[in-house]
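Visitor: Can you look at this prediction? I've put the sequence above it.
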Amino acid sequence: MNWNSMIRGRKLGVSLMAAALTLCAAHSFAGSAKADETLKSWLGREYTIDTSTINDQIPVGGKMTFVFDSDDNVVRVCTRTGNNQRGAWRMDFAIPCNVTLTYTRGTRFCTADDVKAGNAEVLSACHRLRSRDIAMRPAKVNGAVELNDMIVFFVPTADGEYNISILVDSPSRVTGSGVVTGKGGG
């Protein structure tokens, strides 16, 4: 047996083992994403929709909970029907935890007035969740589905409540379709 062949063989074996360990570590790390610290206090709370200009899509009285999915590194919107809900959850929201959102860390929390004003420059600095292409209702054309964007802003109040304000629209506009607000529970 040639010593050079043995040494090369051992180096190759060590290199292969190191590569395998690196792949396993990368997979473990990717599979265990963690929620951002700013986002954590808003997760797991149930929010009751108290106003909605688009009640046929996001009904007043409906319940939403945001849950972090570490495997996919997204936030899932889990919906359920509230006792006093006006209308049913429809399309993508009808299946609990079906809608996924991505988190963007801002430099501050928005106020309810910021969201109602719809100033994109102001809103771009706020902590938010966003989803694109959510099916919320059938389109006006037979057999088609209208896809919308949804942006969820976290709106803390002076008395420590956790509220949300949601903008829903087609991808071409920011606030044309609707504004939804919700109050958070404990």
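Guide: That came through, no problem.
Visitor: Count residues in the vicinity of residue 68, would you?
Guide: Neighbour count of residue 68, defined by other CB atoms under 10 Å: 19. C-beta here means a position set from N, CA and C on the backbone, and glycine is covered the same way.
Visitor: how near is it to residue 74?
Guide: According to CB to CB, to the nearest Å, residue 68 stands 8 Å off from residue 74.
Visitor: Where do the strands of the chain begin and end?
Guide: For the chain, the strands defined by DSSP state E cover 46-52, 63-69, 74-80, 99-104, 128-138, 145-156, 162-169, 178-184.
Visitor: which residue packs closest to the residue nearest the centre of the chain, ignoring adjacent ones?
Guide: When CA atoms, centre = their mean is applied to the chain, the residue found nearest the centroid is residue 101 (2.2 Å). Of all residues not flanking residue 101 in the chain, residue 129 sits nearest, at 3.8 Å (CB to CB, 6 or more residues apart in numbering).
Visitor: Quick check: that neighbour touching residue 68?
Guide: No: judged on CB atoms under 8 Å, residue 129 makes no contact with residue 68 at a distance of 10.5 Å.
Visitor: list the residues that contact both of the two?
Guide: By the contact definition CB atoms under 8 Å, 6 or more residues apart in numbering, residue 129 and residue 68 are jointly contacted by residue 75.
Visitor: And the closest residue in space to residue 162 that isn't next to it in sequence, how close does it get to residue 116?
Guide: Distances taken as CB to CB, 6+ apart place residue 184 nearest to residue 162, at 3.4 Å, with adjacent residues excluded. Residue 184 sits 18 Å away from residue 116, taking CB to CB as the criterion.
Visitor: These two: who's more crowded?
Guide: residue 184 (21 against 14).
Visitor: what's the more buried one in contact with, if anything?
Guide: Residues in contact with residue 184, defined by CB under 8 Å, 6+ apart, are 42, 45, 46, 47, 161, 162, 163, 164.
Visitor: follow-up on the earlier one: residue 110 versus the residue nearest to the centre of the chain, what's the distance?
Guide: To residue 110, residue 101 is 16 Å away according to CB to CB.
Visitor: and what of residue 52?
Guide: Using CB to CB, residue 52 is found at 18 Å from residue 110.
Visitor: what's the answer for residue 126, then?
Guide: Taking CB to CB, one finds residue 126 at 4 Å from residue 110.
Visitor: overlap in contacts of the two?
Guide: 153, 154.
Visitor: For residue 159, grab the count of nearby residues.
Guide: Residues lying near residue 159 (other CB under 10 Å) number 5.
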